[in-house]
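> A predicted structure for the sequence below; I have some questions about it.
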Amino acid sequence: MQIIPISSGSKGNCYLVTVPGSAILIDCGIPIKSIKENLWHRGFNLSDIDGCLVSHEHGDHVKAAQALADMGVDIYTSAGTAEAAGLHGHRIHTLNLMIGVPIKSFYVYPYLVEHDAKEPLAFSVSCKDTNERLLYITDAMYFRYNISGVTHLMIEANYDPEIIAENAENGRIDMARAKRTVNSHMSLETAKLTVERMDKSRLREIWLLHLSNDNAANDFKERIQEVSGVPVYVA
C-alpha cells in the first residue's frame, strides 16, 4: 500500500492511496483541476480512481467532491456530510457507521468522530490482496475506537497545546480561533496517546496530517516516532 499526499492542511486535504491494480482518494478539499494535475504527474487519470472517501463537509475536505462525482468518480461519505455539502447524484454513496463496503481491492469501514461537522468520519481501509490496513483519522478531537492490525496510520496532529495557548495569550492568533481549534481538532498530545494505546504489532508507518502553520512545532515527527517505533512522515 502506497500513500501519496497531494495536499494537507487548512488550505486543502487530499491523499492518494494505491495498491496494485486499485487506487482511491481520501478527501478532496482542493480544486478539481489541481487533483487532475497532481494525478497526471503521478501517472494516474481520474478513470483510474475507484472511489473517493470524504470525511466531512468542510471545504478543505469536500471542495471537489461534486465535481469528481460529475466526472464519474464514486464518492463515499456519511449521510450527514452529503446533506451538509449538498452532494447529489447516483455517484454519491452514503455509508452506515461501522458497516464495511467494498471498493474494488479495498474494504472500507467508517467510524464516527468528534468534530464541528454534521456527521464526520474516520476510515479503516483494508486490502486483502496485500494484507494491509490503513487507519485514517483527521479533524477529530480524539479517536475512541481500538482498531487491530493497522499497518499504516494517517493521523491529524494539528497543534501543540502549549504553543496555541501562548499564541492566543499573546494575540498572535484570535482567541475564538484558538478555542475552535482546541474543541474540534486533534492535538499532538492526543495523537501521541492514540498511538501509544493502539495495537502496534503490525504497524509499519505513520503519516502526520493537517499540521497547523501557526500552532505546530518542527519536532512533531520525532515526538511521534518516540512512542511508535516506526517511520513517521509529515504530509
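Structure's in. What do you need?
> ok, the most centrally placed residue in the chain - contacts?
Within the chain, one residue has its C-alpha closest to the average C-alpha position: by CA atoms, centre = their mean, that is Thr138, at 4.4 Å. Listed by CB atoms under 8 Å, 6 or more residues apart in numbering, the contact partners of Thr138 are Asn13, Asp27, Ser55, His61, Ala122, Met154, Ile155, Glu156, Met186, Leu209, His210. Where C-beta positions appear, they are placed from N, C-alpha and C, glycine not excepted.
> highest neighbour count among those?
The member of these that has the most neighbours, counting by other CB atoms under 10 Å, is Asp27 with 31 neighbours.
> tell me if I am right that that residue is in a helix.
No. Counting by DSSP: H, G, I helix; E, B strand; the rest coil, Asp27 falls outside a helix, being strand.
> for Ala217, what are phi and psi?
Comment: the main-chain dihedrals of Ala217 come out as phi -130, psi 160, following degrees, to the nearest 10.
> now it. Nearest residue, chain neighbours left out?
Distances taken as CB to CB, 6 or more residues apart in numbering put Asp160 closest to Ala217, at 5.2 Å, once the chain neighbours are dropped.
> can you show me the strands along this structure?
2-7, 14-19, 22-28, 52-53, 75-78, 92-95, 101-103, 106-112, 121-127, 132-137, 152-156, 205-209, 232-234 (DSSP state E).
> in CSV: those strands, plus distance to Arg42 and mean pLDDT.
CSV is the format used below for the strands of the chain (distance: least, CB to CB, whole Å; pLDDT from 0 to 100):
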stretch, distance to Arg42, mean pLDDT
strand 2-7, 6, 97
strand 14-19, 7, 98
strand 22-28, 10, 98
strand 52-53, 16, 98
strand 75-78, 21, 98
strand 92-95, 25, 98
strand 101-103, 19, 98
strand 106-112, 18, 98
strand 121-127, 19, 98
strand 132-137, 18, 98
strand 152-156, 18, 97
strand 205-209, 16, 97
strand 232-234, 16, 95
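> right, and these - which one's nearest Thr181?
strand 152-156 (11.1 Å; CB to CB).
> what is the closest one packed up against?
strand 132-137, helix 188-197, strand 205-209 (3 or more CB pairs under 8 Å, 6 or more residues apart in numbering; DSSP states H and E).
> sorry, back to before: how close does the residue nearest to the centre of the chain sit to Ala168?
23 Å (CB to CB, to the nearest Å).
> also Leu121?
29 Å.
> show me which of these two is the more surrounded one.
Neighbours per residue, other CB under 10 Å: of Leu121 and Ala168, the larger number sits with Leu121, 28 against 19.
> surely Leu134 touches Gly149?
No. Counting by CB atoms under 8 Å, Leu134 stays clear of Gly149, with 10.7 Å between them.
> more neighbours: which of those two?
The residue with more neighbours, out of Leu134 and Gly149, is Leu134; 25 against 14, by other CB under 10 Å.
> so Asn146 touches Asp199, yeah?
Yes. With contacts defined as CB under 8 Å, Asn146 counts as touching Asp199 at a distance of 7.0 Å.
> mind listing what's buried in stretch 178-195?
Going by neighbour count (16 or more other CB atoms under 10 Å), the buried part of stretch 178-195 is 178, 181-182, 184-188, 190-192, 194-195.
> thought Tyr109 was touching Leu53, still the case?
No. Leu53 sits out of contact with Tyr109 when judged by CB under 8 Å, with a separation of 10.7 Å.
> identify the contacts common to those two.
With the criterion set as CB under 8 Å, 6+ apart, the overlap between the contacts of Leu53 and Tyr109 is Phe123.
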